[in-house]
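Q: 3D, please:
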Amino acid sequence: MSRNKLTLIFVLNFFVLTYSAQQSSRVKVKLKIEFKSVENFGKPLNNTINYIYSDGQFIDSVYCKKRTMNYLLEGAHLFKIEFSKNGYVNKYVIINTKDIPSKKRIKLKADINLFRKMDRINVEFLKTEPVSIAYYNFIKKSLIWDYDYNRSVVEKIIDASLKK
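A: As a prediction, this is how the structure comes out:
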């Protein structure tokens, strides 16, 4: 292959990658999470530590002294956000922003209910299964939670708590 062809291929690849990066960075999701305690019937839960991953790579941790976490997710990625508090069972959610049209700003809210660790309740599956998944709905033109999936996980948690 001639040197001119190689140069042309390199330049075209560079422009395609640059354009893709610019498009994905224009997606912005304003995330608002409120933490609640299961044992205290939904009362606010303070002092949580939350870990944010983008496409499998750790990108940030957020300590929330109060019950609310506000965070801006940027770019078209697959985000994993893990919620934790000492003495409580960790949970995580998946937020897929890959299908959001470019230059879009979206808000996403959620309540995360954490419960205390107990030896009698086996919820090991929460280490490998998210409690909820959010994805872009083209009909509603918004990012939505998959409530059917969430309900199935809640049922697993309830079932685990009833077993002895």
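Q: all helices of the chain, in order?
A: Counting by DSSP state H, the chain has helices at residues 3-25, 147-162.
Q: packing partners of the last one?
A: To tie it back to what came earlier, the one meant is helix 147-162. In terms of contacts (3 or more CB pairs under 8 Å, 6 or more residues apart in numbering; DSSP states H and E), helix 147-162 is packed against strand 132-137. Any C-beta I mention is one placed from the backbone N, CA and C, and that applies to glycine too.
Q: quick one on the thing from earlier: the helices of the chain: lowest mean pLDDT?
A: Among the helices of the chain, helix 3-25 has the lowest mean pLDDT, at a mean of 50.
Q: residue 31 reaches residue 74, doesn't it?
A: No - counting by CB atoms under 8 Å, residue 31 stays clear of residue 74, with 10.8 Å between them.
Q: looking at the two, which one has more neighbours?
A: Each of residue 31 and residue 74 has its neighbours counted (other CB atoms under 10 Å); residue 31 has more, 21 against 15.
Q: name the nearest residue to the more buried one, ignoring sequence neighbours.
A: residue 71 (4.7 Å; CB to CB, 6 or more residues apart in numbering).
Q: neighbours around that neighbour, how many?
A: The local packing of residue 71 (other CB under 10 Å) involves 17 other residues.
Q: now residue 110
A: Taking other CB under 10 Å as the criterion, the count of residues near residue 110 is 19.
Q: can you give me the pLDDT of it?
A: According to the prediction, residue 110 has pLDDT 95.
Q: kindly report the same for residue 41.
A: 85.
Q: near it, how many other residues are there?
A: Look at residue 41: counted by other CB under 10 Å, it has 7 neighbours.
Q: for residue 50, same thing?
A: For residue 50, using other CB under 10 Å, the count is 21.
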